[in-house]
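Student: turn this into a model:
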Amino acid sequence: MAIIIFTYSAKPGKTAEFEKFLMEVDQPKVRELPSVQSVQIYRLRPAGPFAYLEVVSITSRADWDRDHERPDVRAVVEAFAQYGEITRVRLYDADLV
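Tutor: Coordinates of the predicted model:
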């Protein structure tokens, strides 16, 4: 198992649109991927250098990479950039305790 931790923020003036995109487009697509075991998004209060933290549990890096090559997934990644900016992405091999 592995986890991916994303940190990101909405682009200025696009918070409502960004959250709608996350809930209606991004998250449904992520949840349908065979490599994804679970996903959680947190809105941080107060926001610091980023406003959101997303934790995705995946079966493996290879499975995630394969899913990420799908055209429908690439389209969502490109659309994300209209509303949000990723600060950092970290992937860890991990075991649930």
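
Student: bridging residues for the closest residue to Asp93 other than its chain neighbours?
Tutor: Nearest non-adjacent residue to Asp93, counting by CB to CB, 6 or more residues apart in numbering: Ala2, 5.2 Å away. To be clear about C-beta, it is placed using only N, CA and C from the backbone, and glycine gets the same treatment. Counting by DSSP bridges, Ala2 forms beta bridges with Ile58, Asp93.

Student: give me the pLDDT for Ala2.
Tutor: Confidence at Ala2, expressed as pLDDT, is 96.

Student: quick one: Pro49 and Thr87 touch, right?
Tutor: Yes: assessed by CB atoms under 8 Å, Pro49 is found in contact with Thr87 at 6.3 Å.

Student: out of the two, which sits in the busier spot?
Tutor: Higher neighbour count among Pro49 and Thr87: Thr87, with 15 against 9, using other CB atoms under 10 Å.

Student: now the helices for this protein?
Tutor: Applying DSSP state H to the chain gives helices spanning 15-21, 27-32, 61-68, 71-83.

Student: flag the shaky bits of this structure, pLDDT-wise.
Tutor: Along the chain, no part satisfies pLDDT under 70.

Student: just to revisit the earlier point, pick the most deeply packed of the helices of the chain.
Tutor: Across the helices of the chain, averaging neighbours per residue (mean count of other CB atoms under 10 Å) puts helix 15-21 on top, at a mean of 16.

Student: rewinding a little: touching, the residue nearest to Asp93 and Ala94? I think so.
Tutor: Yes: counting by CB under 8 Å, Ala2 touches Ala94, with 6.1 Å between them.

Student: higher neighbour count, those two?
Tutor: Counted by other CB under 10 Å, Ala2 and Ala94 do not tie: Ala2 has more neighbours, with 19 against 11.

Student: between the two ends of stretch 22-34, how far is it?
Tutor: Stretch 22-34 has an end-to-end distance of 19 Å (CA to CA, to the nearest Å).
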